[in-house]
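Visitor: Provided below for reference: sequence and predicted model.
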Amino acid sequence: MIEINKLNSRIYSKLGQSGTIFGIGLFDVMNDKADIFVLSSDMSRPAGLDRFKTMYPDRFYNVGIAEQNLMGIAAGLASEDNTVIVTAQAAFISMRSCEQLRQYLGYMKSNVIAVGISAGFALTYFGNTHYAIEDMAITRSIPGMTVISPSDAGQAAKALIAAVRLKSPVYIRLTGTLNCPVVYEQEYEFEIGKSIQLKEGNEITLFATGSMVHPCLNAAAIIEEKGISVRVLDVHTIKPLDEKAVMKCLDSALLVSVEEHNIVGGLGTSIAELMAEKGNCPPLLRLGVKDSFSHPGDYAYLLAQNRLQPDLIAEDILKEYQKTKQ
Amino acid sequence: MLTVECDNNDMDQIENLKKKSRNMRKRILELTYSTGKNGAHLGGALSAVEIIATVYDQVLRYDVNDPSGKNRDRFIVSKGHCAIALYTALEQVGFLTKEELDTFETNGAPYYAHASRNILKGIEFSGGSLSLGLSFAVGVAIANKRDGLNNHVYVLVGDGECNEGLVWESLMSAAHFNLNNLTVIVDQNGLQSDGNTEDIMNCASLAAKFSSFGFHSQEVDGHDVAALCDAFRLRNQELPNAIIARTIKGKGVSFMENNRDWHHASLSQKQYELALAEQDDRDK
């Protein structure tokens, strides 16, 4: 049973988002339903599916290194009144099988939950072929898709449970590595499409998603040392965007989006689209990958290179904030 | 539930099937003509007529009055371009009315160049993007087998479609998962949009390729309904099956046969009348 408390959140953190989804959260939904299948394209071990495979060997299919066929088989199984969870690296599930996501999940509305593991820079020295900095942009643009980007390991498990109940196509993007930071130490309500305010404040609002939520809390602390109040929102659902929550933040002098993703097409773009339609909004600073490939290194190095460490986030925000005062 | 066992000794049955095929061709021509300059995928629809007619008349177990019945056989048209041929078969067996199909390729109508999944109308798959139907069918076959259904999953693919990598991923997985409840029919008409399949992307020895992927393969004349019936009847019970049906693109209309210009085309009044007259001649 997924239960968020101080001790559990430490355990979940150790397992990382993927380990918690497939090692713990998955068993909650298996208790609920008998018609769930899990499919993977030769990624069950990295995804943390070993325990599941042992306990439910007849509910698991490995389709080999074939992400396109992974989605096709999943859709076929789903068409026979099953719920199917598929997993592969985010880069390949969103790009190698991009058309399959569109056709089977979007167009045919298959009851399939696609879980992209190792999104962003989690695969460090594997290099750019294995980074997924476009997956939210791709999946978000497909009609009918729900896109979730959990902020910590416990939330990843909550997202899976909520996605199974939704009974419509979902893409869940898992970020961070093992020992990922804990955002939530107490039980809370997770609802798809409802962002969570983690910190009060009004001069600057940070909209953060996935692995960037925790660094944003630290960045907010740095900024507040300067006497500037900061609001932080965990925008775990990229689509549908929690428009009401965004509109409530327009009292700030500066809005900031922070994501471990290209600034093209992800969270920042979603908020920018909304603001452009509404008009009369404060400026929006989009922090993330600046439409470029990265030089491989360890995770901290990659985040720093893309100015996504707390001190660098704070520095960039303060610089932009000063402009609003001129 | 229709459960006709194929028997090519029954000449009436074969003659009846030939007649149904001719009627499908006429209707395909009529519907294409009705689209005016928009046209339709004529060549690949005409090559698949006998295959589809045989499937619906002699092979597939279904019930028009219970279209979503769990035990039905599934017929998945992966070669989505020949949806117009599928529609005419669905009309012939009563899934679609003439009035419904007369809306073909009119604004907002549900029947257009590529069929969209609608179980109540007998359409199992949203075809159009090549190779996706076959991969989907593998998932359906796995599910049906797990559910202990005594049914069969049939998939129609084109030989041009076999250029797609996903076809081969799907075949590999069908054998791996022991899907003896899956039969793949290849409409091997030898032509694709840009020309002869052997010139565009040589996919020679298709039957051998299927066999090497773990299928029981048969090759038949895809316009010989008796031979098609035999091939379906002689399915291997232990393996996934492949029927490589050698066909002629544009079959049944002299000026369309083996002519890639008719892959997707519209019909002038004169062409329509000529094409229709050829069908009527065969009826005599």
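Guide: Arrived safely, thanks for sending.
Visitor: okay, and the residue in the stretch 151-284 of chain B that chain A sits nearest to sits in which element?
Guide: Nearest to chain A in the stretch 151-284 of chain B, going by Cβ to the nearest Cβ, is B:E169, at a distance of 3.9 Å. (C-beta placed from N, C-alpha, C; glycine too.) Taking DSSP states H and E as the criterion, B:E169 maps to helix B:165-176.
Visitor: show me the contacts for the residue of the stretch 151-284 of chain B closest to chain A.
Guide: A:V63, A:G64, A:A66, A:Q68, A:N69, B:S135 (Cβ atoms under 8 Å, 6 or more residues apart in numbering or on different chains).
Visitor: kindly report the same for B:G94.
Guide: By Cβ under 8 Å, 6+ apart, the contact set of B:G94 is B:V64.
Visitor: wouldn't B:A53 be in contact with B:V225 here?
Guide: Yes - assessed by Cβ atoms under 8 Å, B:A53 is found in contact with B:V225 at 7.0 Å.
Visitor: tell me, what's touching those two both at once?
Guide: Shared contacts of B:A53 and B:V225 (Cβ under 8 Å, 6+ apart): B:L17, B:S21.
Visitor: residue of the stretch 201-326 of chain A nearest chain B, please.
Guide: A:K239 (22.1 Å).
Visitor: list the residues that contact the closest residue to that residue other than its chain neighbours.
Guide: Spatial nearest neighbour of A:K239, excluding adjacent residues (Cβ to Cβ, 6 or more residues apart in numbering or on different chains): A:V147 at 4.3 Å. A:V147 makes contact with A:M136, A:T139, A:R140, A:V170, A:Y171, A:R173, A:T237, A:I238, A:K239 under the criterion Cβ under 8 Å, 6+ apart.
Visitor: scan chain B for its longest helix.
Guide: Determined from DSSP state H, the single longest helix within chain B is helix B:11-34.
Visitor: distance from the chain centre to that helix, please.
Guide: Here helix B:11-34 shows a centroid-to-chain-centroid distance of 14 Å under the convention Cα atoms, centre = their mean, to the nearest Å.
Visitor: which other helices and strands contact that helix?
Guide: helix B:42-47, helix B:49-54, helix B:83-93, helix B:225-233, helix B:269-283 (3 or more Cβ pairs under 8 Å, 6 or more residues apart in numbering or on different chains; DSSP states H and E).
Visitor: out of those helices, which is closest to A:G288?
Guide: helix B:83-93 (42.6 Å; Cβ to Cβ).
Visitor: my read: A:A156 touches A:T175, true?
Guide: No - look at A:A156 against A:T175 with Cβ under 8 Å: they stay out of range, at 9.0 Å.
Visitor: the residue in the stretch 51-200 of chain A that chain B sits nearest to is in what secondary structure piece?
Guide: Proximity of the stretch 51-200 of chain A to chain B (Cβ to the nearest Cβ) peaks at A:G76, 2.0 Å away. Secondary structure from DSSP H and E places A:G76 in helix A:67-78.
Visitor: now whichever helix or strand comes after that helix: buried residues?
Guide: Following helix A:67-78 in sequence order, the next helix or strand is strand A:83-89 (DSSP H and E). Across strand A:83-89, burial judged by 16 or more other Cβ atoms under 10 Å in any protein chain shown covers A:T83, A:V84, A:I85, A:V86, A:T87, A:A88, A:Q89.
Visitor: again, but for stretch A:223-242
Guide: A:223-224, A:228, A:230-239, A:241-242.
Visitor: now do stretch A:314-326
Guide: A:A314, A:D316, A:I317, A:L318, A:E320, A:Y321.
Visitor: can you check stretch A:13-27 too?
Guide: Here stretch A:13-27 shows A:13, A:15-27 as buried, counting by 16+ other Cβ under 10 Å.
Visitor: so of these, which ones are in helices?
Guide: A:S13, A:L15, A:G16, A:Q17, A:S18, A:G19, A:T20, A:L26, A:F27.
Visitor: so the residue nearest to A:K239 sits in a helix?
Guide: No - looking at A:V147 with DSSP: H, G, I helix; E, B strand; the rest coil, it is strand, so not inside a helix.
Visitor: which strand or helix spans the residue lying closest to A:M108 once chain neighbours are set aside?
Guide: Take A:M108 and drop its neighbours on the chain: the residue closest to it by Cβ to Cβ, 6+ apart is B:S126, 5.3 Å away. Secondary structure assignment for B:S126, by DSSP H and E: no helix or strand.
Visitor: what about B:S126, distance to B:Y272?
Guide: Relative to B:Y272, B:S126 is positioned 29 Å away (Cβ to Cβ, to the nearest Å).
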